[in-house]
Structures are given as structure tokens and as C-alpha cells.
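S.K.: sharing a model prediction with you, sequence too.
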Amino acid sequence: MPLFGLSPRQWRRTRRWLVLTLAGLAVFLIGVDPDVIGMDRSPVVGFVQIGVWLTGLAAVLLGAYSAVRVVRNGQPSTLQSEIGLRLIATGYVVAATASLADFLGIGSHRLPLLYFGPVQIAGLIVGALLCIVGLVLFWPRRPRKRGPDSPD
């Protein structure tokens, strides 16, 4: 029996979503440190750079969510999976808000000299961790095997 009871078509779909996840991770890492590919042209963190890493994070989350949804294989939603789904979305909002705090006017630095400070870094990390916890909660659980003593 195949793992998780998935058909070959579902495995192909899962692999495609995981490719999107890895591509999004690459975009996220390039956005965080553009000097990796020789694109660091400014001493400050700019709006485009923040947009690149938020786009990469969105692609990671979209690909991971879609892959896990295929793996869930039509299992009914549980409270745990619903909480996980909401944590994924909340984590992205926290990461985006922390990243764009100065541009939104809720940060401590003003244009034109923006500085991506330690509080914003902590917000980005907390948002990413919330997304990871959400994905773990969204992952399907194996049904418990009922023993002869268990009540129905």
C-alpha cells in the first residue's frame, strides 16, 4: 500500500507543490541576503528587498499548504487542522507587518533612512515560526488504532 494511500497522480502533484516550496525558499533567501547573487546595491533594506522576501515566504507557504492538502487526501478537517491553517495565515501577517513596519508608519524609523532593526527581525522570525507551527498542526494524523477495550 502506498504511503498515505496516495495515487501516483497525487504524488506528482505533491512533488510539483514541493518544487514551488523550494523555489519560494530560494526567493526568500535571496530577498533576505541579495549579496548571495551579487545584487546588494544598497546599504539599507529597501521596499523591493522586503517585497522579494515576502513573495518568497508566500510561495513557500502556498506550496507547503497545497502539498499537505494533497497528502491529507480528502480527510475531514479537524479542529487541530483548522487551527493550523489559521496559524499559517496569522504567521504570514505577523511577518509581513513586522517587515513593512517602517513603510506602514508603525516602525521607529522614517523615510528615507530606513533601518531594519532587531524588533523587525524578531517579528519576521516569530511570524515564520508561527507558520511552521501551523503547518505541523495542519499535517494529517494517522487514525488511532482501536483496541478491544476501547469504547465506541
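M.R.: That came in fine, so what should we check first?
S.K.: switch to C-alpha atoms for all contacts and neighbour counts from now on
M.R.: Fine.
S.K.: please name the nearest non-neighbouring residue to the residue nearest the centre of the chain.
M.R.: By C-alpha atoms, centre = their mean, the mean C-alpha position of the chain lies nearest to Leu61, the distance being 3.4 Å. Using C-alpha to C-alpha, 6 or more residues apart in numbering and skipping the chain neighbours, the partner closest in space to Leu61 is Thr21 (7.1 Å).
S.K.: buried sites along the least confident helix or strand in the chain by mean pLDDT?
M.R.: Sorting the helices and strands of the chain by mean pLDDT, DSSP states H and E puts helix 101-104 at the bottom, at a mean of 84. Buried residues in helix 101-104, counting neighbours by 16 or more other C-alpha atoms under 10 Å, are found at 101-102.
S.K.: chain center to it, what's the gap?
M.R.: The chain centre lies 21 Å from the centre of helix 101-104; the measure is C-alpha atoms, centre = their mean, to the nearest Å.
S.K.: now do the SS call for Gly107.
M.R.: Using DSSP: H, G, I helix; E, B strand; the rest coil, the structure places Gly107 in coil.
S.K.: any regions of the chain where pLDDT drops low?
M.R.: Within the chain, the ranges that satisfy pLDDT under 70 run 1-4, 111-113, 143-152.
S.K.: all helices for the chain, in order.
M.R.: Ranges of helices in the chain, per DSSP state H, are 8-32, 47-72, 79-99, 101-104, 118-138.
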